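>>> One predicted model, sequence on top.
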Amino acid sequence: MDDRLTAAELDLWHVWKLATDSVRTLVAADIMTATGLSDPDFGVLTRLVEVGGGRMRQNQLAESMGYHRSRLSHQLSRMEERGLVAREPSDNGVDVIATADGAAAARAARPVHAAAVRRHLLEPLAGCDQAAFRAAIDRLAVSA
């Protein structure tokens, strides 16, 4: 097999990158405009509130987000300064807790997120075979 992509393969790769980057950027911008939460803020808060019941171990949170511990630590410091989260030492590490303001921000952002995903991903796919699209994405996700 050739060590270079064909023109069609390269084109598909570039379109894929553009599409995924564009959709994620547009969704994140809608959330930021409506709530002031960055994409990482939203990710942290929704995991804390929806997965952890408002509290998670910092290592577990980092793993769930695919973040290196130091990256998450810097993100959490910024969020602590804004009163969105708090950190507490626990027996085996550090727990991250969504504050009342953080939980409220996550709840306010959730409908904005839903509307943005519909506008920037689902509506442009109207008329496409979404089940086939989903199956293709699932194959990619499994191989990652």
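Here it is on my side, so go on.

>>> Only C-alpha atoms from now on, for both contacts and neighbour counts.
Noted.

>>> need the longest helix for this structure.
The helix that spans the most residues within the chain, counting by DSSP state H, is helix 7-35.

>>> helices or strands next to that helix in the packing?
Packed against helix 7-35 by the contact rule (3 or more Cα pairs under 8 Å, 6 or more residues apart in numbering; DSSP states H and E) you find helix 39-46, helix 100-117.

>>> change it to 7 Å
Using 3 or more Cα pairs under 7 Å, 6 or more residues apart in numbering; DSSP states H and E, the elements in contact with helix 7-35 are helix 100-117.

>>> so how far is the helix it packs on from its chain's centroid?
Between the mean C-alpha location of helix 100-117 and the chain-wide mean there is a distance of 13 Å, by Cα atoms, centre = their mean, to the nearest Å.

>>> Please compute how far the longest helix of the chain lies from its chain's middle.
Worked out by Cα atoms, centre = their mean, helix 7-35 lies 13 Å from the chain centre.

>>> Repeat that for stretch 5-12.
On Cα atoms, centre = their mean, the centre of stretch 5-12 falls 28 Å from the chain's centre.

>>> now do stretch 32-43
Remark: stretch 32-43 is offset 10 Å from the chain centroid, using Cα atoms, centre = their mean.

>>> ditto for stretch 75-88
Its chain's C-alpha centre and that of stretch 75-88 lie 18 Å apart, by Cα atoms, centre = their mean.

>>> Could you work out the end-to-end span of that stretch for me?
For stretch 75-88, the separation between the terminal residues is 16 Å (Cα to Cα, to the nearest Å).

>>> which other residues reach that stretch?
Under the contact criterion Cα atoms under 7 Å, 6 or more residues apart in numbering, stretch 75-88 has outside partners Val94, Asp95, Val96, Ile97, Ala98, Thr99, Asp101, Gly102.

>>> How about the fifth one: what's its closest non-neighbour residue?
Taking Cα to Cα, 6 or more residues apart in numbering, and ignoring the residues beside it in sequence, Ala98 has Val85 as its nearest neighbour in space, at 4.5 Å.

>>> what does the last one give?
Spatial nearest neighbour of Gly102, chain neighbours left out: Leu84 (4.0 Å); criterion: Cα to Cα, 6+ apart.

>>> From Arg69, how far off is the one you found?
19 Å.
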